[in-house]
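Peer 1: Coordinates for the following, if possible.
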Amino acid sequence: MNAQKSTHRHPVLSGAQAGDWSDIYFAFQVARLGTLSAAAEALDVHHSTVLRRIDSLEKRLKIKLFHRHARGYAPTEAGKLLFQTAEQTQSEFDRLMGQLSGLDQQLTGSLIITTVNSFSAALMPILAEFQNQHPGIRIEFVADSRIFKLEYGEAHISVRPGVRPKDPDHIVQHLHTIPSSLYASSRYIEQFGRMEKREEVAGHRFIGSITPYNNVSAMAWLNKHVPDEQVYHRGSDFISMMHAAEVGLGIVPLSCWLGDSSQKLVKMLDPPEDWDSPVWLVTHRDIHRTPKVQALSQFLKLKVPQIGSV
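Peer 2: All right, here's what the predicted structure looks like:
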């Protein structure tokens, strides 16, 4: 059965030769973007070049790949089959390039680390110390809530809070546990008083998030126990929420990494243990053992647990 499978040729591709792959890529861009002009712009060529490539490919394959209409180009059934394979091929190529980018055996070149923006202030001094020790490495620091695709080389190292990542191709190590608490400005405390316990929500104003962030225990508590009419301000991320608290708009739940970094905020209560959040160091197995990734990973594991201990 394996022998039969290995010799099977798809009817759409059976007429294709090695030289057709460039034309297939051109046609794939038209299918992806919908028009000749959009594909030409993406490929940085004239639209007539794209049209010529498509016509040539259809002629060699002896099959129609597109329906032409007033709004652009729509793939035929044969086109859909061809472009599905082309998309898979492009995805595999992108993954290969991501793997190759991590194979540098010297402590030089770029190293991409990603984390959430609320961790930036805490991690930056550590990264500065690392670069002082390894001047040949250029750090690209990406602060974003999006989960980056390590398998495609979008990042080499990810520092993520919350639930343990489950991708089987990722090497996941516990890096630290961050406490969280409620913070408010002195101006707010003078006007509304302190909170001594979590249960004392009556009479207070709170700062929440536009996105629920129920994966963050402190935010899940606020969403469940604070009436909506007491949430006077909502922010898109924890940095903006912190800034809102600094000007006295209300009480905000923050990680102590972030809250303690502000000179304008006062910690309202001792961090509850059930608000502790694990932080994970994530790398992809294909580049996990490369010298650059190992060097920064080991440095983070040494330095991150020291944050806030002094």
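Peer 1: where in the stretch 201-310 of the chain is pLDDT low?
Peer 2: Along the stretch 201-310 of the chain, the model assigns pLDDT under 70 to residues 308-310.
Peer 1: where along it do the strands fall?
Peer 2: Taking DSSP state E, counting those that start in this stretch, the strands of the stretch 201-310 of the chain run over residues 206-209, 231-235, 252-255, 265-267, 277-284.
Peer 1: contact partners of the fourth one?
Peer 2: With C-beta atoms under 8 Å, 6 or more residues apart in numbering as the contact definition, strand 265-267 has outside contacts at 181-186, 189, 242, 245-246, 254, 256, 259-260. From N, CA and C alone the C-beta is placed, and that goes for glycine too.
Peer 1: neighbouring strands for it, and are they parallel or not?
Peer 2: Strand 265-267 pairs in its sheet with strand 180-185 (antiparallel), by DSSP bridges.
Peer 1: need the next SSE after the partner strand, C-terminal direction.
Peer 2: Sequence order places helix 186-192 as the next helix or strand after strand 180-185, per DSSP states H and E.
Peer 1: circling back: in PyMOL, how would I select the buried members of the contacts of strand 265-267?
Peer 2: A single PyMOL command selects the buried members of the contacts of strand 265-267 (16 or more other C-beta atoms under 10 Å):
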select buried, resi 181+182+183+184+185+242+245+246+254+256+259+260
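Peer 1: Can you tell me which of the contacts of strand 265-267 comes closest to Val172?
Peer 2: Distance to Val172 across the contacts of strand 265-267 (C-beta to C-beta) is lowest for Cys256, with 23.0 Å.
Peer 1: so what's the closest residue to that closest one other than its chain neighbours up against?
Peer 2: Nearest residue to Cys256 in three dimensions, chain neighbours excluded: Pro179, at 4.8 Å (C-beta to C-beta, 6 or more residues apart in numbering). If a contact means C-beta under 8 Å, 6+ apart, then Pro179 has Ser255, Cys256, Pro271, Glu273, Trp275, Asp276 as its contacts.
Peer 1: what about 10 Å?
Peer 2: Listed by C-beta atoms under 10 Å, 6 or more residues apart in numbering, the contact partners of Pro179 are 218, 255-257, 259-260, 270-273, 275-277, 308.
Peer 1: Just the buried ones from those?
Peer 2: Here, 16+ other C-beta under 10 Å leaves Ala218, Ser255, Cys256, Trp257, Gly259, Asp260, Pro271, Trp275, Ser277 buried among those.
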